[in-house]
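1. everything below, folded, please.
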Amino acid sequence: LKGDMKAPIICLYGPPGVGKTSLGKSVARALGRNYARISLGGMHDEAEIRGHRKTYIGAMPGRIIQSIKKVKSSNPVIILDEIDKVGKDFHGDPSSALLEALDPEQNFAFHDNYLEVEFDLSKVMFITTANTISTISPALRDRMEMIEVSGYSLEEKVEIAKRHLLPNQIKEHGLEENQVVLNNKIIETIIQNYTRESGVRNLNQKVAKVVRSIAKKIAFDEKHNPKLTPKDTETILGVPRYTKELYQGNDLAGVVTGLAWTEVGGEILFVETSLSKGKGNLTITGNLGEVMKESAILALEYIKSHADHLNLSSEIFEKWNVHLHVPEGAIPKDGPSAGITMVTSLASALTQRKVRKNVAMTGEITLRGKVLPVGGIKEKILAAKRAGITEIILSDENKKDISEINAQYIKGLKFIYVDSIMEVLKYALLDEKVENAITLN
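-> Residues are numbered from 1 along each chain as shown. Reported below is the predicted structural model:
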């Protein structure tokens with residue numbers, strides 16, 4: 001409306017391959033402005049930003065002024081790629097030099113050592129990208145508007161592959177559209193069995209491999225079927241690299257399904273508890289971080305202090321050792337979101353009661369028995385749906401997260417909102433005992 005408004009400095013952060021740089025290009029295209037990209041990964045010399053003094057041999061302006069000169073425009077969109085990977089050594093700290101360039105209050109008089117005159121950068125729209133914001137200096141982070149670009153769901157990846165990745169690969173390999181046909185089922189198989197990522201970079205590589213295989217057959221005049229079958233994809237891509245985690249039933253006491261968030265999306269995880277005669281020791285295994293270990297100790301202490309509610313004798317805790325394990329052992333895990341899963345697992349093992357079928361849960365616990373909200377809800381829900389879960393137990397405060405999710409993703413799922421651990425146990429544990437139950441009292 002104003003015509004000369006100072007552009008905000010945006011930081012797009014998220015996992016690799018989700019299209020942060022492409023989004024920056026699209027912004028430039030939509031605004032009808034020229035576009036320049038500066039890669040900051042591994043940069044550790046302040047002169048790269050501020051330029052060299054003219055007294056040096058081979059002196060030249062900084063990368064920002066060079067980019068403006070290259071695009072021949074004073075109001076381009078400049079992408080500062082990988083701002084979280086800026087280095088720092090005896091040459092200076094480029095992230096400190098960026099403070100001036102990225103501050104709307106100062107950058108109207110940006111000083112480049114080579115130009116020796118002040119240059120107005122206020123008309124430039126800066127878009128920075130990062131994988132993690134923890135390594136960006138607080139002063140720099142304060143100057144930017146943070147926008148998270150989260151990973152894609154399975155359904156979104158299928159659409160991206162159909163509309164963009166496959167047509168691009170067909171064009172690049174010089175084929176016609178009707179020479180390669182991948183239906184939704186085949187694309188889903190490739191995503192689930194051959195990629196494990198938030199973005200679509202690996203998926204693009206796999207699609208390229210499939211298209212290359214077809215292109216080779218056409219080049220050598222070999223017989224081929226344009227409509228690929230699951231058997232064809234396995235021949236081209238090899239044996240599936242990843243297997244999908246599925247719900248495993250409720251026949252055993254102490255085995256409960258939890259939901260976890262990882263960098264490559266949501267996953268289901270199992271918390272297992274077993275008992276053995278001993279002196280009441282607690283053993284925790286499964287490559288767990290400090291926060292997760294504390295959750296396990298918290299869960300056991302809560303059950304000890306509420307043993308009467310679960311009809312448990314206090315002697316059980318002195319005569320039986322408790323072992324809590326979270327597979328898979330090679331993968332590091334941390335965070336508080338498995339709190340209610342651990343409580344339910346311990347309660348099920350100590351009471352030998354069955355856990356309700358097709359239920360998964362996620363939530364942090366406190367010592368007084370409150371269930372606190374956790375993050376990554378969308379990714380966790382999609383993981384639960386893929387695994388065949390039909391009911392999810394969440395904190396009451398996570399209701400707002402569910403209301404923001406597209407209705408098609410939560411179709412067929414029932415949400416149970418809880419405020420306390422007792423509500424979780426009341427719903428998740430059945431009165432029925434497991435087969436061959438151990439007599440503890």
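2. how far off centre is stretch 330-348?
-> The chain centroid and the centroid of stretch 330-348 are separated by 19 Å, computed with C-alpha atoms, centre = their mean, to the nearest Å.
3. now it: buried residues?
-> For stretch 330-348, a neighbour-count test (16 or more other C-beta atoms under 10 Å) marks 333, 335-348 as buried. From N, CA and C alone the C-beta is placed, and that goes for glycine too.
4. tell me the mean pLDDT over that stretch?
-> Mean pLDDT, stretch 330-348: 88.
5. secondary structure class of residue 18, three-state.
-> coil (DSSP: H, G, I helix; E, B strand; the rest coil).
6. ok, it to residue 199 distance?
-> 4 Å (C-beta to C-beta, to the nearest Å).
7. what residues are shared contacts of the two?
-> Residues touching both residue 18 and residue 199 (C-beta atoms under 8 Å, 6 or more residues apart in numbering): 151, 152.
8. and residue 277, what are its bridge partners?
-> residue 320 (DSSP bridges).
9. would you agree it is in contact with residue 322?
-> No - Residue 277 is beyond contact range of residue 322, at 11.4 Å (criterion: C-beta atoms under 8 Å).
10. what about the two, which has more around it?
-> residue 322 (23 against 9; other C-beta atoms under 10 Å).
11. what mean pLDDT does the helix or strand hosting that one get?
-> Assigned by DSSP states H and E, residue 322 belongs to strand 320-325. The pLDDT scores in strand 320-325 average 92.
12. export only the CA atoms of that strand, formatted as PDB.
-> C-alpha atoms of strand 320-325 as PDB (Å, rounded to 0.1, in the frame of the first residue of the first chain):
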ATOM      1  CA  TRP A 320      10.800 -56.900  42.500                       C
ATOM      2  CA  ASN A 321      13.400 -55.300  40.200                       C
ATOM      3  CA  VAL A 322      11.900 -53.100  37.400                       C
ATOM      4  CA  HIS A 323      13.500 -53.000  34.000                       C
ATOM      5  CA  LEU A 324      12.300 -50.300  31.500                       C
ATOM      6  CA  HIS A 325      13.400 -50.500  27.900                       C
END
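13. pLDDT value on residue 3, please?
-> 62.
14. list the contacts of residue 135.
-> 84, 85.
15. what is the neighbour count of residue 241?
-> Count around residue 241 with other C-beta under 10 Å applied: 10.
16. can you check residue 231 too?
-> 8.
17. ok, it to residue 211 distance?
-> Distance from residue 231 to residue 211, by C-beta to C-beta: 18 Å.
18. how about residue 357: what's its closest non-neighbour residue?
-> Closest residue in space to residue 357, ignoring its immediate chain neighbours: residue 250 at 5.2 Å, by C-beta to C-beta, 6 or more residues apart in numbering.
19. cool, and residue 307?
-> Nearest non-adjacent residue to residue 307 (C-beta to C-beta, 6+ apart): residue 314, at 5.8 Å.
20. now do residue 127
-> Nearest non-adjacent residue to residue 127, counting by C-beta to C-beta, 6+ apart: residue 24, 4.4 Å away.
21. how about that neighbour, secondary structure?
-> Applying three-state DSSP: residue 24 is helix.
22. repeat for residue 343
-> Under three-state DSSP, residue 343 comes out as helix.
23. show me what contacts it?
-> For residue 343, the residues meeting the contact criterion (C-beta under 8 Å, 6+ apart) are 299, 302, 303, 365, 421, 424, 425.
24. one more: residue 342?
-> 271, 295, 296, 299, 324, 365.
25. got a markdown table for the residues you listed, with distance to residue 259 too?
-> Output for these, formatted as a markdown table (distance: C-beta to C-beta, whole Å):
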| residue | distance to residue 259 |
| --- | --- |
| 271 | 11 |
| 295 | 14 |
| 296 | 17 |
| 299 | 16 |
| 324 | 17 |
| 365 | 15 |
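26. report the two of those residues separated the most.
-> Spatially, the most separated pair among these is 324 and 365, at 14.0 Å (C-beta to C-beta).
27. many thanks, have a good one.
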